[in-house]
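Asks: below are the sequence and a predicted model for it; my questions follow.
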Amino acid sequence: MNETIRTLLAKLGGLPVAVDTITDSADLYAVGLSSFASVQLMLGLEETFDMEFPDHLLNRKSFASISAIETTVQSILEDRKVA
Amino acid sequence: MDLSTKVADQSLKARATRVAAIAAAYADEVDKAGRFPAEAIDALKSERLMGIQIPVDCGGEGRSTSEIAELCTIIAQACAASAMIFAMHQIKVSSLVSHGVDAGWHRTFMQKICNEQLLLGSATTEGGIGGNLRNSICAIEVDGDRCRLEKDATVISYGKHADAILITSRSHKDAPPTDQVMTAFLKDQYTLEQTHVWDTLGMRGTCSDGFLFKGEAPAEQILPKPFAEIAAQSMLASSHLLWSALWYGIAVDAFTKAQTFVRAAARKAPGTTPPGLVQLAEMSSQLQVIRSNIKAGLGNYEQALSDPDRLSSMGFAVAMNNVKIASSEMILPVIHQALRICGIMGYKNGTPFSLGRHLRDAHSAELMISNDRILGNTSTMLLVHKQETGLLG
């Protein structure tokens, strides 16, 4: 999943730096993720993992770092399994 | 016999009403000359209203955003430029209150604001960023325990008259434009070289000239939170809400003039329906929608304050943007209708029904943070955020 997120981030994040130079815990907003790009990234994740972000997870914290995105996506996929 | 000395009413409303009386006396002169409303701002300071939002343990009164908004509405009915200065000052204070209470220097600064009734200015735009305050070109330079900043600020709200300025920049010289910090500089820590003149259609008294800002201060004056968080968690909401509150004040005053005009006509010709009466009813309905919208927004904000996740959520940002869009657009028809009712007496300056200042001031509402830009941001979020479909959430 980490690799998929990184690929999407490289394609949609519009970052001024290469994605492989960013650590999992680095603050994506500090490295230049704009709010427009973060929405594009969300759409990419929804498409790739065939899911939808619930409104309560649409906040800065869910997308603050690569590992935060991973946790967010995983929690949605797990909720879906339970449901 | 009442032997007690009469003590002035110290409720917030009474204090604001006294400020409004002074602001009203100078409003036309301030507007005409495009000068700073010094008398109203002095009155705000002598009523000790500058630090009211600051927590009690930092020397303030810990007043809520709703209470501050109410003061904006009261003062705007007298002089919208004075209310706008008060609102912008309080927006800066809200950044300190939300993000500076754990920082030693900023706590002392808040005490100083209360003790000395300091007026805080703001410098968030600069040449070359196209009005997007979430981007900076200039960068703060930190050298040991000192920081330095130079910014070509195309607009600094009441720049010359501020006692301190909160200014945004990139966090270091290699940072991307979105990686911003906000720094507080005291008046004796910066110089301003005027580059633009604030000669505008309305809100003329805010004197938001452009300046080349050069400041140097201890590095601890940089707010210890990324500006992105400050913008999302305190500035976005407080500016949309407080500005909406003061725009409501402009519209309400226009309505009051129209109502007085119609009532006078009704008294002169008893038994007949004066022209404009039905329009008054329509305006009353519009004002109620604007007021309800702002009050709901204030309630939403105050609930979200205890929940940082909600405060930084898309749903919250969409809701606050919508408050701004609706109130800024809905006040104009109200003022226009008031002008039609008061007729030539409203069109002429210097009558009790003059509405020129209201009309011009209110036009700033769609432009100060452009509605098109806000709609653009909201529309991006609507690609993933879902519209509220119920009444109770």
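Replies: Cool, got the structure.
Asks: contacts and neighbour counts: CA atoms only from here.
Replies: Fine.
Asks: what's the closest non-adjacent residue to the residue in chain A that chain B sits nearest to?
Replies: Residue of chain A nearest chain B, by CA to the nearest CA: A:N59 (3.9 Å). In this structure, A:N59 finds its nearest non-sequential neighbour in B:S313, 3.9 Å apart by CA to CA, 6 or more residues apart in numbering or on different chains.
Asks: now the strands for the stretch 201-350 of chain B?
Replies: Counting by DSSP state E, counting those that start in this stretch, one finds strands in the stretch 201-350 of chain B at the ranges B:210-218.
Asks: follow-up on the earlier one: spell out which residues sit in contact with the residue nearest to A:N59, please.
Replies: By CA atoms under 8 Å, 6 or more residues apart in numbering or on different chains, the residues touching B:S313 are A:55-60.
Asks: for the lengthiest helix in chain A, buried residues please.
Replies: Secondary structure assigned by DSSP state H gives helix A:66-82 as the longest helix of chain A. Residues A:66-70, A:72-73, A:76-77 are the ones in helix A:66-82 that count as buried (16 or more other CA atoms under 10 Å in any protein chain shown).
Asks: tell me the pLDDT at the closest residue to chain A within the stretch 1-150 of chain B?
Replies: Proximity of the stretch 1-150 of chain B to chain A (CA to the nearest CA) peaks at B:R134, 9.1 Å away. B:R134 carries a pLDDT score of 86 in this model.
Asks: apart from its chain neighbours, what residue comes closest to it?
Replies: B:T178 (6.0 Å).
Asks: how about the contacts made by the residue of the stretch 151-300 of chain B found nearest chain A?
Replies: Using CA to the nearest CA, the closest approach of the stretch 151-300 of chain B to chain A is made by B:D179 at 4.8 Å. With contact set as CA under 8 Å, 6+ apart, B:D179 has these partners: A:29-32, B:135, B:170-171, B:226-228.
Asks: what's the answer for B:L287, then?
Replies: Here B:L287 is in contact with B:248, B:251-252, B:331, B:334 (CA under 8 Å, 6+ apart).
Asks: what does chain A have sitting close to chain B?
Replies: A:16, A:29-34, A:36, A:39, A:42-43, A:53, A:55-61 (CA under 8 Å from any CA of the partner chain).
Asks: narrow those to those in helices?
Replies: Per DSSP H, the subset of the residues of chain A next to chain B in helices is A:36, A:39, A:42-43.
Asks: which among those residues end up buried?
Replies: A:39, A:42-43.
Asks: might you list the low-confidence residue ranges for chain A?
Replies: Applying pLDDT under 70 to chain A picks out residues A:83.
Asks: what's near enough to touch the most centrally placed residue in it?
Replies: Centroid-nearest residue in chain A, with CA atoms, centre = their mean: A:I69, separated by 4.0 Å. Going by CA under 8 Å, 6+ apart, A:I69 touches A:5, A:62-63.
Asks: can you tell me which of these has the most neighbours?
Replies: A:F63 (23 neighbours; other CA atoms under 10 Å in any protein chain shown).
Asks: these two touch, right, it and A:S38?
Replies: Yes: under the criterion of CA atoms under 8 Å, A:F63 makes contact with A:S38 at 7.4 Å.
Asks: quick one: B:Q288 from B:K295, how far?
Replies: 10 Å (CA to CA, to the nearest Å).
Asks: so between those two, which is more surrounded?
Replies: Taking neighbours as other CA under 10 Å, B:Q288 and B:K295 compare with B:K295 leading, 17 against 13.
Asks: now that one: closest residue in space, sequence neighbours ignored.
Replies: Of all residues not flanking B:K295 in the chain, B:S66 sits nearest, at 8.0 Å (CA to CA, 6+ apart).
Asks: tally of neighbours for that neighbour?
Replies: Applying other CA under 10 Å, I find that B:S66 has 20 neighbouring residues.
Asks: which element is it on?
Replies: Assigned by DSSP states H and E, B:S66 belongs to helix B:65-76.
Asks: so how far is chain A from B:E302?
Replies: Distance, B:E302 to chain A, by CA to the nearest CA, to the nearest Å: 18 Å.
Asks: got a list of what that residue touches?
Replies: Here B:E302 is in contact with B:T65 (CA under 8 Å, 6+ apart).
Asks: any residue of the host helix or strand of B:L375 up close to chain A?
Replies: Taking DSSP H and E as the definition, B:L375 sits inside helix B:371-381. Yes: against chain A, helix B:371-381 shows contacts by CA under 8 Å from any CA at B:377, B:380-381.
Asks: re earlier: now do the contacts for the residue of chain A closest to chain B.
Replies: Contacts of A:N59 by CA under 8 Å, 6+ apart are B:309-310, B:312-314.
Asks: pick the one among these closest to B:A217.
Replies: Of all these, the one sitting nearest B:A217 is B:S312; the distance, using CA to CA, is 30.4 Å.
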